[in-house]
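> starting from these lines, generate the structure:
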Amino acid sequence: MEFIITEQQVNTRIDKFLSETVEGVSRSYIQKLLSEGNILVNQNVVKANYKLRENDKVQIFIPEPEELNIVAENIPLDIVYEDEDILIINKPKGMVVHPAAGHYSGTLVNAVMYHCKNQLSSINGVLRPGIVHRIDMDTTGLLVICKNDMAHQCLAEQLKVHTITRKYQAIVYHNIVEDEGTISKPIGRHPIDRKKQAVDVKNGKEAITHYRVLERLQGKFTYIECQLETGRTHQIRVHMASINHPLLGDTVYGPDKNLYHLQGQTLHAGVLGFVHPRTNEYMEFHTELPDYFNNLLVQLRK
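Sure, this is the predicted structure:
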């Protein structure tokens, strides 16, 4: 596939240009192709932030799809909704969303592959079929799985323009004085620990989290609802920690001491809303807090 850059396309980032021009590929996939040397400009490898120049010759080589070697597993799923295009799952605590180093089985992808008989979108590659967004292993709650590329492209576009409703419940350290607020701080990779994210004003990507207080607990903790405007990795955890209110149970971004013997952060994706890719009607799903979260609230109210 080959393009010659015109005057109207000059100064556009190459990853943006190709994701908007080549049908059926996401910007993240274009960035992967760039990093692997499968996209050339004037026969040269370039980075994702390369700005196009007039008469640049852009060549893109899309590899043949890898043979899917992730095994479908008969793992019970808490299905909230399902139709021919999408599947809404209430994910339990401790389940990894998609296979990665150290977690090639027992993931949500293994489970949905079995349930959907491999009828899943292919846009995000062999390790993440059907996955358009994700939540952390120890975060519970709602996820949408895409059964075909049409649904995936539609929901990916809604994520891109921030029109998907995503509300989370969390318990954070300390008393939040104000009833609501907004955190707008860019997030990027931690400069030292590459497994972590951090507020990065210089190189991070835009990240916006809105929060409101639901209940103040003994003056030591606050029960809050967070609504994502953007969706960066670990966004709520990083943002709340950045204002001295890390999530209870989050020993990565908060205190090392694990109070109440929790399995990771107290974070639940309780509300998910979007425009259905086929009907164009807005749908919104709600799920109750998991038992551990409710039991913890009872303890903290005493």
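
> domain assignment for the protein?
Following automatic domain parsing, one finds the domains of the chain at 2-60, 66-161, 165-269+292-300.

> what about the shortest one, average pLDDT?
The average pLDDT within domain 2-60 is 90.

> closest to residue 282 out of the domains of the chain?
domain 165-269+292-300 (8.8 Å; C-beta to C-beta). C-beta coordinates here come from the backbone N, C-alpha and C atoms, glycine included.

> now the closest one, how far from the centre of its chain.
Counting by C-alpha atoms, centre = their mean, to the nearest Å, domain 165-269+292-300 is centred 15 Å from the centre of its parent chain.

> quick one: end-to-end length of that domain, please.
29 Å (C-alpha to C-alpha, to the nearest Å).

> returning to what we had before: dump the domains of the chain into a markdown table; add mean neighbour count and distance to residue 276 as well.
Below are the domains of the chain laid out as a markdown table (neighbours: other C-beta atoms under 10 Å; distance: least, C-beta to C-beta, whole Å):
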| stretch | mean neighbour count | distance to residue 276 |
| --- | --- | --- |
| domain 2-60 | 15 | 20 |
| domain 66-161 | 18 | 7 |
| domain 165-269+292-300 | 17 | 13 |
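
> need those in TSV (columns: distance to residue 282).
What follows is these, written out as TSV (distance: least, C-beta to C-beta, whole Å):
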stretch	distance to residue 282
domain 2-60	23
domain 66-161	10
domain 165-269+292-300	9
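
> low-confidence regions, the chain specifically.
Within the chain, the stretches with pLDDT under 70 are 24, 65-68, 101-103.

> and the contacts of the longest helix along it?
If you go by DSSP state H, the chain has its longest helix at helix 149-160. Around helix 149-160, the neighbours that count as contacts under C-beta atoms under 8 Å, 6 or more residues apart in numbering are 24, 26, 85-86, 121-124, 130, 132-133, 144, 146, 164, 231, 274-275, 277-278.

> with stretch 2-12 instead?
Residues contacting stretch 2-12 (C-beta under 8 Å, 6+ apart): 17, 21, 51, 52, 53, 54, 55, 56, 57, 58, 59, 60.

> okay, which residue of the chain is out on the far edge from center?
Here the centre of the chain is the reference, and by C-alpha atoms, centre = their mean the most remote residue is residue 55, at 36.3 Å.

> against residue 176, how distant is that one?
55 Å (C-beta to C-beta, to the nearest Å).

> where do the helices sit along the protein?
14-21, 27-35, 108-116, 149-160, 235-242, 291-300.

> now do the third one: which elements does it pack against?
If I follow you right, that is helix 108-116. strand 86-91, strand 140-146 (3 or more C-beta pairs under 8 Å, 6 or more residues apart in numbering; DSSP states H and E).
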